[in-house]
Structure formats: structure tokens, C-alpha cells
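> Structure, please.
(2 chains)
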Amino acid sequence: MEILIEDHQMLLNSATGYLAKKQSVAAFRALRDGDEPLGYDATAYRQMADLGWMGLVLPEEYGGSDFGYRAAGLIAEQMGRNLTAMPFVSTAILSATILREIGGDMLTEWGMKIAMGECVVALAIDEGAKHRPGQIKTQAVRDGDGYLLSGDKSFIADGMGADRLIVSAMLEGELTLFWLDPLEACFGTSCCDIAPQKLLDHRNYASFYIKNCRLNENTLIAKGEVAEKALAKALCAGRAVVAAEQLGMAKECAARTVEYLNTRKQFGVLIGVFQTLQHRMAHLYCEIEQTSSLVAQALNAIDENAEECEKLSRAAKAKVAKLGKLATEEAVQMHGGIGMTDELDLGLFMKRDRVLTEFLGDAACHIEWLLREQKI
Amino acid sequence: MNEVEIFRSEVKTWLADHCPPEMRMPITDDEICWGGRDFVFINNAQHSWLNDMAARGWTVPAWPKSYGGGGLNGDKQKILAEELTNINARSPLQSFGISMLGPALLEYGSEQQKLLYLPQIARGEIRWCQGYSEPDAGSDLASVKTKGVDDGDDFIVSGQKVWTSYADQADWIFCLVRTEPDEPKHKGISFLLFDMKSKGVSTKPIKLISGSSPFCETFFDEVRVPKTNIIGGRGEGWTIAKYLLTHEREMIGSSDLLFGGDDVCGTARDAIGLDDDGQLDDPILRAEIGGFIVDEMAFDAHMDMTKAYMRAGNQLGARSAELKYLGTELNKTRQNLLMASGGVDALTWEDVGNLAPQAPRSWLRSKGNSIEGGTSEIMLSILSKAILKIPS
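Numbering: from 1, shown residues only, chains lettered A, B, ... in the order given. Coordinates of the predicted model:
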């Protein structure tokens, strides 16, 4: 129902064309079957940067286009439809937003690199089975003019092979963000290591453990209120953009299922003539439509720096979790046995959807926040 | 200042001068202005508010000026709506003429009919009711049997309508009548307008599980209706009926009366209380409310997007079915949660000093939301066919 502004419509058209041609589900399947260690195609990553997608939320003076988060959501939605595997959310949304919030030399140096597609920066904030960025055990202590860092991190999207990791830790009782060069960290020694985490969506995830790893003074990029604010903004944006990606996946599953209802015959008729399937499909359509509006509203609110952007991004992430489950389950069920086969793509959507539901917090995590906000 | 800003400042000034303080208070069901020949205004403020707004064409800001409207474009409609909300102004006029018949007349009426009926609607002079459903034509609305027998310059209308909202208070009716009995089902219906004071019209109210209701049964015993009162051509009634239904569904799906009601969180907090952590002292109900909050935010966002879409000049068409389905199902969930939140308190049917407590009545009434104006199942069938293009 949303009416897009002209710039956004043009961006969407170019994304739709490019992804369908170069980064379709078949491309993802090839990455998976080829056991590509990075989980994405490094050449295609550069192409994507050439299209301007890596700098969407970065200011123009740092090589970005400042198109904003609504625009990023449009790209993410199309990536969802195509199951495109790229370090887009990790680098162009989460890390770029943190850099943008912090500003200064860090933004000057790394903003440009991100916009040009010359680096991958991953965010290491999760530690346990559930996303709890406010309750972390990773600790840093001062050590002369530097720091000693200890802790475990996991579920780090695009963490393997990343040029830098942004790591959250507690220092003197305050949230602190460190800028870690994996080559300078003591990974590979007996007390520290980083390893791929192979999850069911076959993307690039890392986990690491670190004990008393010495970091230079200049690795601390934000502490206390600055760190809280930068991370909050990044998570707000990340949730809404991931919601857009998951929304795209739900739309694709629904579109493929409608197509199937119009081609598959049983009992001598197209199965679409059965009202029970029609009604379930129409219900899914309605859910997709209202979730689309919520996701768009959340992204617009972030662009407008509106007060309710956190509330909306959490609601969008929670709503899309419910939608994704409905869409993928209905797609498999209505396809029947063939829906269960690896040959059909639906399983790939279901697996990715399950992972994204946990990524940056599941429905319960965000509903809990909304309930507290309502003071009940 | 640009044109839009000038308009906003004009609206502000005009509203400050013309919207009486009594019309800036929250409204109850009994205080709605429906207009019509026999309408009794609750006070002078209600009367002058209607007259002043109608004189500017702002009871129907989007309609052309020649038909009593405001002739405002989408941007200006939005500004007027915002400024009315800012001062908590009551709607000057609620009417099926505005929300249902008007759009159909604008689309299908002759110039003469538009000039006759639309200004009366805009000024709140004639109150309309809708003669659609019949005892044997509910979801299968096109099977209406009320007949209009050709008799020279007139039709002689006989039959029965049901679920005719406010038929007992309406001045005129827009009615689906089978005038072409030999044509196929969907091609034999005409869309007729006639005066409820005509000889042979009678009504009888219907009592619902929620108590008294605006619904009526309406009977026609050889009512004489001039052929000039037909909208569109003979046998074109179904096309008009469907068009009008999209507006009705839009109205039901977005009704402030459906959604302005009690807030679930506040009711739960007051009735159940909070534990030491400040959380509702009923964790399972709390989780259900959490799911509802998210669904409600999604629907609100969708309504906002829909309003913007329509202000840009787009018609909703079959998509009104998605608003109707989502809005009414959500309202049933809200009412269920309000009952659960209120607990035993919400069960009171009659109390000293309050003969008709709202909670149980609203809950029961909401069960009809997913039936009236087309059932949820009909909405899903429409969406499947018209939007998803699934074969039926």
C-alpha cells in the first residue's frame, strides 16, 4: 500500500533487476553446494558496492549516498526474495551505523572503505542462546595504556574473514565498544580462538573466545553513554532492515505458493479451487500486507529520527517473526511432499527465516520490551 | 508561506471561531450527529457545528463543491483532518449517505441525481439506510428476492430486508431490488432509492445477544417507486452494490468506533494489578496482550499507509476486504482481551446506577463485526479471487 518516492522506486527497480540476474536463489545454492568458506561471493560484493548499496546510510562526504534506512530496507527485501548472501546487514547497516554515530576519524577512514566495498566489519555482541545485548559477560580491564579483553562471543554474522570486529564488553561497569583487528588479536593461541559457526542457513557466522587479549589504546571506539547510544541506534536499524529481508522471504514463499495452487492438479482439478487453501492463502496475504506497512513505518521512523523508532523497529521485528513462520510453514504444507525436498527452494527460505528470527532478537525478546514500555 | 501553509493557517483560524467548546469533548454513542428530517440536536452547539461545517463543504471535504463538498485535494484533506484532530473536534455528521451512498452516486449517478441527492447528504438533511441483506440473501447477497414489478412510470416493490441499520430512523433507503426476474441472478438487480415514508414501508427492530441494536427488519408491501429513482441502468444494481460495499468495508475496517474504545493494558493494570517487578500479575495473559500489541501496531501502520494511498487519489477496490478482515478480527481479539483483563468485573450485566455496563455488551457486539458487511470468509474469498487470482 505504501507509495514510494521516485528515488526509492528507481533504486528498487535496479535492485530487483540486478539481484534476479546475478544473485538469485540459484546463486546462493551454488555457494552452499560449493562450500564457499566466506559464504558469499567476494567479486559480487564489490559489484554491490559499485551500485551504491554499501553506502546507503553513510553521509556523502564519507563516500555514501545518505539514501537512508527506508532505501536499505528496499534492498534487503529484494535480497530476502532472492536469498542473496552478502555482508550487507553486518557491514552496511550495523557497523556503518555505529561508525556514523561515533563520527570522527573512525568514520572518515572506515566509512569510505565500507561504502567502496573494500572491507567487511562484523558486530560481535551476542554471547548466549538468546540475544541480550544489555547483559554481557565480556569484560575489559585497563592494562597500562591499553586493555585486556576476556569473554566469549557467538552468532557473529560475517565474522569469518572480516577485516574488523566491533566487540561489546564491560569496562569499569560501562558498555564499551572495541574495534578489533582479527590479525592483531591473539586468535589461534591456546587462550584465544575464532571459529566458523555452521548454522542451518549456511551463511558466514563466527564465534570466538578470548582470555586476557591485549588491545591497544586506540581500539576503544566508544564507552558509556556514547557506546549505548551508538549500539542502540545500530540495533534499531538492524532490526528494521532484517525485518525487511524476512518480509521479502515471506513474500517470495507466498508468491511461489500461489503459483503452485494455479498449476498443481489433484482430484482432476487445480488445487487452488479448494476453498480451504484459498482462505489460508488470503489470510497469509493480509498478514504480509500489514507487516509490510509496519516494516515501512519503522524504517521511515528511523530516517526521520522519530522518537518511536525503537518501539516500531521492535514491533516490526516481532511481527515479521510471526509472519515468517506462517509463510514458510504454509508454503511447505501447501506444496506437500515436494515442499520437503532439498531440490525445491522452500526449505532454504525456512532455514534462513529461522535464523533471522533469532538474529537481533526473537519475537518474545521484543514483545517483553514493548510490554515494559506499556508498564504492564 | 506556500499555499499549503496558508491553507493550514486559514483552517486553524476558522476552526477556532466556529468549533464550539461542547464539540471538542470526547463523544459518546448517544451524542453522534446523524442528521435527517427528524433528528433532534442535543444542543445548539451540535446544530451550529453541523451547519457551519456544511456551509464550507467540510462535512464531505473531498466531494466537488458543486455537490456540497469542499473540493479539497489530498494534501488539504489531510491538513483539515489533522487540524480537527488537534482540537479534538467531533465529527459534525456521521452518515451512511457520506460513507456509502455518496461514493456510489458520484460514480454511477446521473448529473441530475447528483445535484439532487448529494447536497442533501452533505448538509445532513436526509438520513439514509441500506436495504441489502434479506432472510435468504446473506453472504449470497446477489440472490435477493425483493421484487420491483414494472408498472408504467413506477416499480411496485415488495419483499423483506434484514439487518437494515437505523431503518426506523432513516428518511430514505438505497435498496437492491430484483426488477429483471428473467435475467441471470447478478444481472436482474436494480439499485433503487425511495422514501421510507412511502406507503407500504414498515420496520421492526432486532434485539441482539448484546442487547438492543440499531438493526431492523424492513418490510415492503407494494411500495410505489418512480423509475427515475434508479441509479445506473436497470439490471446494473449488482455492479453498484459491489462498489458501494468496498466503501462500507473500508468504513468498518477503519471505524473509530471500533478502535477508539478501552485500552487493554490500562484495563488489565487496573483490574489485575502489577507484581513487585512491575509486571502484570498474570504472566500468561500478559504474554497474550504482548502479541496483541504487535498486531495492533501492524494494523495501525497499515491504516496509516492506506489513508495516504487514498489521499493520493487511489481507489482501494477489492483491497477494502483486507482492511475489513484484519480490522474486525483484531477487534474481536481486543474485546476478548478486555474481558479477560476485566475478569469478574467485566461480567456485570446490570448494576446499581449503571443499567447497561459496556464491557460485556461490546464484547458480544464485536462477534458481529466479522459477519456484517460481508463475513471474514467472504473477505478471504474476494481476496483470493480478485487479488491473488487463484482459480475458483
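> now the strands for chain A?
Listed in chain order, the strands of chain A (DSSP state E) span residues A:121-124, A:139-143, A:146-157, A:164-171, A:174-180, A:193-196, A:205-215, A:220-223, A:265-266, A:269-270.
> tell me the most buried of these?
By mean neighbour count, with neighbours taken as mean count of other Cβ atoms under 10 Å in any protein chain shown, strand A:121-124 ranks first of the strands of chain A at a mean of 27. (Glycine included, C-beta is placed from N, CA and C.)
> so what does it touch, helix or strand wise?
Contact here means 3 or more Cβ pairs under 8 Å, 6 or more residues apart in numbering or on different chains; DSSP states H and E; on that basis strand A:121-124 packs against strand A:146-157, strand A:164-171, strand A:205-215.
> The stretch 1-150 of chain B: strands as residue ranges?
Counting by DSSP state E, counting those that start in this stretch, the stretch 1-150 of chain B forms strands over residues B:128-131, B:147-151, given from the N-terminal end onward.
> Using a markdown table, lay out those together with distance to B:Trp363.
Rendered in a markdown table, the data for these read as follows (distance: least, Cβ to Cβ, whole Å):
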| stretch | distance to B:Trp363 |
| --- | --- |
| strand B:128-131 | 25 |
| strand B:147-151 | 39 |
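> Among those strands, single out whichever gets nearest to B:Arg361.
Of all the strands of the stretch 1-150 of chain B, it is strand B:128-131 that lies closest to B:Arg361, at 22.4 Å by Cβ to Cβ.
> For my notes, please list the helices and strands packed on strand A:121-124 in CSV and give mean pLDDT and distance to A:Gly103 for each entry.
As requested, those are exported to CSV (pLDDT from 0 to 100; distance: least, Cβ to Cβ, whole Å):
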stretch, mean pLDDT, distance to A:Gly103
strand A:146-157, 97, 22
strand A:164-171, 98, 15
strand A:205-215, 95, 21
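> possible to save the strands of chain A as JSON lines with distance to A:Ser95?
As requested, the strands of chain A are exported to JSON lines (distance: least, Cβ to Cβ, whole Å):
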{"stretch": "strand A:121-124", "distance to A:Ser95": "4"}
{"stretch": "strand A:139-143", "distance to A:Ser95": "19"}
{"stretch": "strand A:146-157", "distance to A:Ser95": "10"}
{"stretch": "strand A:164-171", "distance to A:Ser95": "6"}
{"stretch": "strand A:174-180", "distance to A:Ser95": "10"}
{"stretch": "strand A:193-196", "distance to A:Ser95": "17"}
{"stretch": "strand A:205-215", "distance to A:Ser95": "14"}
{"stretch": "strand A:220-223", "distance to A:Ser95": "11"}
{"stretch": "strand A:265-266", "distance to A:Ser95": "50"}
{"stretch": "strand A:269-270", "distance to A:Ser95": "48"}
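> and the residue of the stretch 1-150 of chain A nearest chain B?
Checking the stretch 1-150 of chain A residue by residue against chain B with Cβ to the nearest Cβ singles out A:Met1 as nearest, at 4.3 Å.
> How about that residue: what's its closest non-neighbour residue?
B:Met305 (4.3 Å; Cβ to Cβ, 6 or more residues apart in numbering or on different chains).
> tally of neighbours for the one you found?
B:Met305 is flanked by 20 other residues according to other Cβ atoms under 10 Å in any protein chain shown.
> what residue is smack in the middle of chain B?
Chain B has B:Met251 as the residue nearest its centroid, 4.7 Å off, counting by Cα atoms, centre = their mean.
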